[in-house]
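Asker: Output the structure for:
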Amino acid sequence: MSEPRSSEGTTQQLPVLEKTTPDPPETTPGPAPRSGRFWSARRVPAGVVALLLLALAGVLLYDVVAVRADRPALHARRELARQLAERPLDDIWVLVGAGVAVALGLWLIVLALTPGLRDVLPMRRTGPDVRAGLHRGAAALVLRDRAMEVAGVQSVRVRMGRRRADVRAVSHFRELDDVRAELDAVLGDAVRGLGLAHPPALSVRVRRLGRKG
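Answerer: So this is what the prediction gives:
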């Protein structure tokens, strides 16, 4: 199907018809769902702990079966029992072993209670069933591209954090104050356009490239 042409031979755009639907009934908006951080699966720590527990359980089960079958207990268990019976509680190796066990326990507790995935920034939620996140590297790239559009900016380095975005720009012409003011405005709009649940604070610095020699 060909498009109609005018007498001058140019193509005319046909009007676009949009189907209108009746407005939905007004409802009172409820509180917006919270946008917390994404939780990591912690597959590596969970796998390591599961393998260690499986190995210890297997060794313990083998030792119990051996003792029940009138066989001597494992040398490692007998040596461990002897060392624990002979060494005092203030022995250096006992304290070191206890410190290592406490450190590992605290590490596992921290992993269990913290969400992880620090590189993913949660975005604002518009509904209870949809969650979205933006990688910090992608957010930094967006800010860098927007900063490079400002006249007078030669290079930009952006470090994106969860609470602050550090922007370091080099200007090769224009007044530094003018470049900084325009960067503040442009990057402020860019940060709001990212749609993050907790927009980071901006820290913008502009300097002149030093002369060589």
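Asker: Could you use CA atoms for every contact and neighbour count after this?
Answerer: Fine.
Asker: longest single helix anywhere in this structure?
Answerer: Ordering each helix of the chain by length in residues (DSSP state H) puts helix 43-68 first.
Asker: Next secondary structure after it?
Answerer: helix 75-86 (DSSP states H and E).
Asker: Using CSV, list the CA coordinates for the helix or strand bottoming out on mean pLDDT in the chain.
Answerer: Ranking every helix and strand in the chain by mean pLDDT, DSSP states H and E puts helix 75-86 at the bottom, with a mean of 81. Provided in CSV are the C-alpha atoms of helix 75-86 (Å, rounded to 0.1, in the frame of the first residue of the first chain):
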residue,chain,number,x,y,z
HIS,A,75,43.3,-40.7,65.4
ALA,A,76,42.3,-37.1,64.7
ARG,A,77,39.4,-37.3,67.2
ARG,A,78,41.6,-39.0,69.9
GLU,A,79,44.4,-36.4,69.4
LEU,A,80,41.9,-33.5,69.6
ALA,A,81,40.3,-34.9,72.8
ARG,A,82,43.8,-35.3,74.3
GLN,A,83,44.8,-31.8,73.4
LEU,A,84,41.6,-30.3,74.8
ALA,A,85,42.1,-32.2,78.0
GLU,A,86,45.8,-31.3,78.5
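Asker: For that helix, buried residues please.
Answerer: Applying a neighbour-count criterion of 16 or more other C-alpha atoms under 10 Å, one finds nothing buried in helix 75-86.
Asker: Is residue 168 in a helix, a strand, or coil?
Answerer: State at residue 168, reduced to three classes by DSSP: H, G, I helix; E, B strand; the rest coil: strand.
Asker: Name the SS class of residue 38, please.
Answerer: coil.
Asker: which one is residue 124 nearest to, not counting chain neighbours?
Answerer: Using C-alpha to C-alpha, 6 or more residues apart in numbering and skipping residues adjacent in sequence, the residue nearest residue 124 is residue 197, 4.3 Å away.
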